[in-house]
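# sharing a model prediction with you, sequence too.
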Amino acid sequence: MPAAEQQLLPLFQAGRHHEVVAQARQLEVQPQTQPLAANVLAASLFQLGEFGQAASLLEALEATLGQDRDYLSLYGATCRRLGLLQRAEQLLARALQLDPGSMAVRNNYANVLIDLGRGDEARTLLEQLLREQPDYQDARQNLNRLQFRQQPPAPAPQAPPSAPAAAPQPSWSPADPLMLAFSEEEV
């Protein structure tokens with residue numbers, strides 16, 4: 001394993017993503033010459049929510065890692081986070097072709113299908129995942145998200161019945177304001 005990978009991978013596995021980024025910058029990791037280290041860097045950037053930076057690295061790695069299931073899954077998930085749903089679907093479909101049994105890839109693919117409004121396909125995938133592994137929490141959460149999205153909207157609350165309209169009051173004003181202060185007999 002190249003030196004950059006040897007340094008970055010343990011940090012990544014320990015969840016020390018800020019350190020991965022700092023170390024990769026210090027080592028001047030380049031996708032063209034250190035594709036696996038750059039992929040670890042992209043995965044840490046993804047974990048830190050730096051989806052744009054991760055996507056730039058992953059795009060540069062496609063020629064080298066485009067046949068790696070994990071790379072395709074990461075790139076697909078990154079594209080999904082950026083709202084590039086068609087691209088995410090393409091990448092995750094390729095990852096599924098490489099490894100149709102991968103639970104993580106199928107789960108990620110179901111997420112994209114939900115986002116694309118293809119709920120029936122997503123439901124089939126998620127239910128299959130849960131039959132295979134009933135305690136797969138990500139799949140359970142995604143199925144719940146799908147069910148929530150497919151619920152019909154609640155009817156709008158009814159306004160309480162309004163009181164009958166009051167009869168209009170005659171609008172008149174006497175010629176002499178003093179007339180209001182006295183009854184007809186006094187005038």
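Arrived safely, thanks for sending.
# residue 134 - how many residues pack around it?
Residues contacting residue 134 under the criterion other C-beta atoms under 10 Å number 9. Any C-beta I mention is one placed from the backbone N, CA and C, and that applies to glycine too.
# do residue 38 as well
Using other C-beta under 10 Å, residue 38 is surrounded by 24 other residues.
# that one reaches residue 60, doesn't it?
Yes. Between residue 38 and residue 60 there is a contact at 7.3 Å, judged by C-beta atoms under 8 Å.
# what do the two both touch?
Common neighbours of residue 38 and residue 60 (criterion: C-beta atoms under 8 Å, 6 or more residues apart in numbering): residue 31.
# residue contacts, the residue nearest in space to the middle of the chain?
Nearest to the geometric centre of the chain sits residue 81, at 5.9 Å (C-alpha atoms, centre = their mean). By C-beta under 8 Å, 6+ apart, residue 81 lies in contact with 46, 51.
# ok, now with 10 Å
Taking C-beta atoms under 10 Å, 6 or more residues apart in numbering as the criterion, residue 81 is in contact with 46, 49, 51, 52, 54, 55, 88.
# if we only consider these, which is nearest to residue 110?
Taking C-beta to C-beta as the measure, residue 110 lies nearest residue 88 of the contacts of residue 81, at 11.8 Å.
# verify the stated contact: that closest one with residue 111.
Yes. Residue 88 lies in contact with residue 111 (C-beta atoms under 10 Å); the separation is 8.6 Å.
# need the overlap of contacts for these two.
Common neighbours of residue 88 and residue 111 (C-beta under 10 Å, 6+ apart) are 76, 77, 80.
# got a pLDDT number for the nearest residue to the second one once chain neighbours are set aside?
What it means is residue 77. Using C-beta to C-beta, 6 or more residues apart in numbering and skipping the chain neighbours, the partner closest in space to residue 77 is residue 108 (5.4 Å). With respect to pLDDT, residue 108 has a value of 95.
# same check, this time on residue 56
pLDDT, residue 56: 97.
# follow-up on the earlier one: now render the shared contacts of residue 88 and residue 111 as a markdown table, adding pLDDT.
Listed next are these as a markdown table, based on pLDDT from 0 to 100:
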| residue | pLDDT |
| --- | --- |
| 76 | 97 |
| 77 | 96 |
| 80 | 97 |
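# closest to residue 128 out of the residues you listed?
Lowest distance from residue 128 to the shared contacts of residue 88 and residue 111 (C-beta to C-beta) belongs to residue 76, with 18.9 Å.
# what sits against that closest one?
58, 84-85, 87-96, 105, 108-109, 111-112.
# filter these to the buried ones?
Among these, the ones that count as buried by 16 or more other C-beta atoms under 10 Å are 58, 84-85, 87-92, 94-96, 105, 108-109, 111-112.
# helices - which of these land there?
Per DSSP state H, helices hold the following members of those: 58, 85, 87-92, 94-96, 105, 108-109, 111-112.
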